[in-house]
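**Q** Have a look at this prediction, sequence included:
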Amino acid sequence: YGYTDQPGRWDHWPAAFVFTGGADDGVDGRIVLAPGDVLLPFNTYVQTPVEITIEEGFIRDIRGGAGSSGLDADLLTSYIESFDDPRGYGMSHVGWGLDERAHWHGLTQFGGGMGMELRSFYGNVMFSIGPNNELGGPNDTACHFDIPMRGNSLYLDDELIVDAGELTVPEMRPVAKR
């Protein structure tokens, strides 16, 4: 609805994305960034593969993918380290875009802006690191990074929400895709 009506809530109108957080120590896995995924707040597209390992809610390793120069991994690591706050490696939230009118190529059109179009484009999966206090968590680090990814799948509590960039929940799909 586009406004905040109670303490601890965060809403952003007109962005059409949904996000949630996991238990502070309950996020484990591996994120693989591919060329074309988006690095916000850099307002750039990933150029080289990046592998991110998460254990107990914190990034434990960031490295360039097989055959890559590691430039994007190095930039991401350098950015996080510049805050001199280990909480910058914490899992913030994960989300997905709902707006079929938003475009993945938004950086090329608008020169960056705030990146709301990139956070909102239909079927993206957005991985975010840093503060989780907007969801009631204890991490209020100033280090925040959003990474909208395309063509990915997302499960929440074993329920498939996004399948290779397509929403599986009928009520979240645009009318033309229902």
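**A** Yep, it's here. Numbering: from 1, shown residues only.

**Q** Every contact and neighbour count from this point should use C-alpha atoms.
**A** Fine.

**Q** Could you identify the helix or strand that succeeds the least confident helix or strand in the chain by mean pLDDT?
**A** The weakest-scoring helix or strand in the chain, judged by mean pLDDT, DSSP states H and E, is helix 106-110 (a mean of 73). Counting by DSSP states H and E, the element after helix 106-110 in chain order, helix or strand, is helix 116-120.

**Q** Just the C-alpha atoms of that next one, please, in PDB.
**A** C-alpha atoms of helix 116-120 as PDB (Å, rounded to 0.1, in the frame of the first residue of the first chain):
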ATOM      1  CA  MET A 116      14.100   0.300  -8.000                       C
ATOM      2  CA  GLU A 117      13.300  -1.000 -11.500                       C
ATOM      3  CA  LEU A 118      16.100  -3.500 -11.100                       C
ATOM      4  CA  ARG A 119      14.800  -4.600  -7.700                       C
ATOM      5  CA  SER A 120      11.200  -5.000  -9.100                       C
END
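
**Q** Let me see the contact set for the residue lying closest to Gly137 once chain neighbours are set aside.
**A** The shortest distance from Gly137 to any non-neighbouring residue, by Cα to Cα, 6 or more residues apart in numbering, is to Asp24 (7.3 Å). By Cα atoms under 8 Å, 6 or more residues apart in numbering, the contact set of Asp24 is 56-57, 91, 137.

**Q** Many thanks, have a good one.
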